[in-house]
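Trainee: Attaching a predicted model along with its sequence, questions to come.
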Amino acid sequence: MRKIKNIVLTRVVVFILSLFFGTTLAGYAQQDPVYTQYMNNLLTIQPAYAGISGSLNFTGISRAQWIGFEGAPNTNSLTISGPLNKYNVGLGVSIVNDKWGPIRQNGVYVDYAFRVRIVDNQYLSFGIKGGFNLYQANLTDLEIWDSPDRVFAYDVNFKFLPNMGLGIMWHNDRFFLGASSPKVIKNNMQSQDGTNIYREVLHIYGMAGYVFFINDLLKFKPTVLYRWAERTPSYTDFTASFLLYDKVWVGATYRMKNSVGLIFQFNVNPQLKFGYSYDKTTFHPTQVSSGTHEFLISYDFVSVRRGQRLNPRYF
């Protein structure tokens, strides 16, 4: 069974890398990490989200994909954000570690958001993101079953890839609607022999969510996330969750032509939240994996000196 998994892993990695490298040695594929609980971690893809909670927030997500599949994707992220003096300015930091097979990426980005009040408690937020990724590919560790390919004869050692992104959001306490492109620079990458083997591609996201107050004990929140990347299939995530007693979120998610899953979140209090989601893919890897597990923890710091109080957060 282990040998079969190694064969499957090698073929999957070679197939994905072939999308990157191709016959012209130019890569086009979706490269940003994907989260099931994106509605609680939008900062990694949406700079306009910085400081949206009105307090200093720490959110961590750990995602283990395709459990039982050797070399499967594993992603960990930590986001820190909060308002600067007044709510119209927000700052944030995103730290992401992503790995699958021979590929390793570590990214650090800083976010700045400026909000303009439209009417009542509705805001239009503009955001900018800047930072870098450190990219590494140990291609020589792969066992190539087909004829030798010079692309896989050299490693890529810690390439520095600076980038920037933009975003816009219309929101209040109960809804959000926005669009973003977290990486607008298309970095080229060379292997140790100087061959251009990789190119970052443009990603565009559209996102929306709304909270319906059914009664004092029950609320309903549908959200949607659309992802587009150059020369790859686009994906849309649909999520529907119910909030019981302002304490427990229970929901389901569907990623078109990709996976289905369940989401569970528990609000210990207005400051502390724990989340868990389980996905099951709807394509071939389900034969060799037992699904995807994702864990979330989020905490909002309250300033007692300023008499700050928190209401339950919905996104």
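Mentor: Nice, thanks for sending it over.
Trainee: Show me what residue 135 bridges to in the sheet.
Mentor: Per DSSP bridges, the residues bridged to residue 135 are residue 105, residue 159.
Trainee: What about it, how many residues nearby?
Mentor: Using other C-beta atoms under 10 Å, residue 135 is surrounded by 22 other residues. From N, CA and C alone the C-beta is placed, and that goes for glycine too.
Trainee: Tell me if I'm right that it and residue 158 touch.
Mentor: Yes - proximity of residue 135 to residue 158 meets the contact threshold set by C-beta atoms under 8 Å, at 7.4 Å.
Trainee: which neighbours do these two share?
Mentor: Counting by C-beta atoms under 8 Å, 6 or more residues apart in numbering, residue 135 and residue 158 have no common neighbour.
Trainee: Any stretches of this structure with poor pLDDT?
Mentor: 1-31, 138-157, 190-198, 283-290, 303-311 (pLDDT under 70).
Trainee: ranges for the helices of it?
Mentor: Per DSSP state H, the chain carries helices over the ranges 2-21.
Trainee: Tell me how many other residues crowd the residue nearest to residue 175 when sequence neighbours are not counted.
Mentor: The shortest distance from residue 175 to any non-neighbouring residue, by C-beta to C-beta, 6 or more residues apart in numbering, is to residue 210 (4.4 Å). Other residues within reach of residue 210, judged by other C-beta under 10 Å, total 15.
Trainee: Can we start the residue count at 46 from this point?
Mentor: Noted, 46 is the first residue going forward, which turns the last one into residue 255.
Trainee: so what's residue 255 up against?
Mentor: Taking C-beta under 8 Å, 6+ apart, we find residue 255 in contact with 219, 220, 266, 267, 268.
Trainee: The fourth one and residue 360, how far apart?
Mentor: In other words, residue 267. 11 Å (C-beta to C-beta, to the nearest Å).
Trainee: Now do the shared contacts for the two.
Mentor: With C-beta under 8 Å, 6+ apart, residue 267 and residue 360 have common neighbours residue 254.
Trainee: So what sits opposite residue 274 in the bridge?
Mentor: residue 248.
Trainee: Would you mind confirming that it makes contact with residue 246?
Mentor: Yes - at 5.5 Å, residue 274 counts as touching residue 246 under the criterion of C-beta under 8 Å.
Trainee: Name the residue in residue 267 and residue 360 with the higher neighbour count.
Mentor: More crowded of residue 267 and residue 360, by other C-beta under 10 Å: residue 360, with 20 against 14.
Trainee: That one - nearest residue in space that isn't next to it in sequence?
Mentor: residue 84 (4.9 Å).
Trainee: show me what contacts the one you found?
Mentor: Each residue near residue 84 by C-beta under 8 Å, 6+ apart is listed here: 254, 266, 268, 270, 284, 360.
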